[in-house]
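1. let's see this in three dimensions:
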Amino acid sequence: MTVAFDAFQGNACARDYIIKCLAVVDLTKNLAQQFDFAPPFDWNLLTAKSRRQNNFLTNKVHGLAWYDGDIPHACLTKVLKEKTDGVNMIYAKGDENTKFLQNLLGRPVYNLETLLTHMPKDKVSEISTKTGVITQRCAANHDHFDWTVSATSRANGCCFTRALRMAVVVREYNRMISTNQKLTINPQPASTSAARMPAGSEVYEEDDDEDDGDKNRVLDLLR
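-> Model prediction:
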């Protein structure tokens, strides 16, 4: 399963995520779902610093408004657990996101970025092409972007789109290891910095930074 979300910032710290939109893709059931949450409290209860940051997020990052959404925010953990309890592995993108979800769920969540590290360059290039053509978006209103934001950034601002693209990475990785068991890795949860390879497994390392172009394009599409 892949999980992506769009969020605002609370008052506690920069990583005090207030999830606005949540997208989950169950690869086993081939099912994609998205949930829009109402704010947990009034805008005026945010600090001035948090209001400035959230205005930036609305204008430049995801285009969502604070008062969007209809599911009570108190239901977030319940909804997330209901949608993830029946799956073996949960993937998110980035260490901070995986740690946040892992704390909410009380179970391991794995950083999808580590999968790309263990893929050969031609496979990453293939994934870059496949993820780039996925543009399906959710029904949430992402129309609050500043006029200076590019069409590409607007498309990447939807967590539903990103979750679908993340599912491509996981599917391709699973397909790759199913045909070559030598490539199997044991991903580590968010508390560790990287996935670990078992003894005798292959790691694809590129000496030239230019060879990371496709991988970086994939990560940009997943944001």
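2. distance-wise, check residue 52 relative to residue 64.
-> Here the distance between residue 52 and residue 64 works out to 16 Å (C-beta to C-beta, to the nearest Å). From N, CA and C alone the C-beta is placed, and that goes for glycine too.
3. with neighbour numbers in mind, choose between those two.
-> When neighbours are counted by other C-beta atoms under 10 Å, residue 64 comes out ahead of the other of residue 52 and residue 64, with 26 against 12.
4. the biggest strand by length in the chain: how far from the chain's middle?
-> Secondary structure of the chain per DSSP state E: the longest strand is strand 17-26. The chain centroid and the centroid of strand 17-26 are separated by 9 Å, computed with C-alpha atoms, centre = their mean, to the nearest Å.
5. also stretch 154-169?
-> On the basis of C-alpha atoms, centre = their mean, stretch 154-169 is displaced by 7 Å from the centre of the chain it belongs to.
6. contacts for it next, please.
-> Taking contacts as C-beta atoms under 8 Å, 6 or more residues apart in numbering, the residues outside stretch 154-169 that touch it are 2-6, 21-25, 27, 32, 34, 61-63, 91-93, 112, 115-116, 127, 130-131, 134-138, 140, 142, 145, 218, 220-223.
7. just confirm residue 32 contacts residue 23, I think it does.
-> Yes - judged on C-beta atoms under 8 Å, residue 32 makes contact with residue 23 at a distance of 7.1 Å.
8. which one's more surrounded, those two?
-> Neighbours of residue 32 and residue 23, each counted by other C-beta under 10 Å, are more numerous for residue 23; the result is 23 against 17.
9. next one: the more buried one from residue 97, what distance?
-> When residue 23 is compared with residue 97 (using C-beta to C-beta), they lie 12 Å apart.
10. between these two, which contacts overlap?
-> Taking C-beta under 8 Å, 6+ apart as the contact rule, the neighbours common to residue 23 and residue 97 are residue 5.
11. who's in contact with stretch 52-70?
-> With C-beta under 8 Å, 6+ apart as the contact definition, stretch 52-70 has outside contacts at 6-9, 14, 20-21, 36-39, 43, 46, 140-146, 149, 153-154, 157-159.
12. filter those residues down to the ones in helices?
-> The helices, defined by DSSP state H, take in 153, 154, 159 from these.
13. let's verify residue 167: helix, strand, or coil?
-> Using DSSP: H, G, I helix; E, B strand; the rest coil, the structure places residue 167 in helix.
14. name the nearest residue to it, sequence neighbours excluded.
-> Nearest in space to residue 167, with sequence neighbours left out and distances taken as C-beta to C-beta, 6 or more residues apart in numbering, is residue 25 at 4.3 Å.
15. the one you found touches residue 1, doesn't it?
-> Yes - look at residue 25 against residue 1 with C-beta under 8 Å: they come within range, at 6.5 Å.
16. out of the two, which sits in the busier spot?
-> Counting neighbours by other C-beta under 10 Å for residue 25 and for residue 1 shows that residue 25 has the greater number, 26 against 23.
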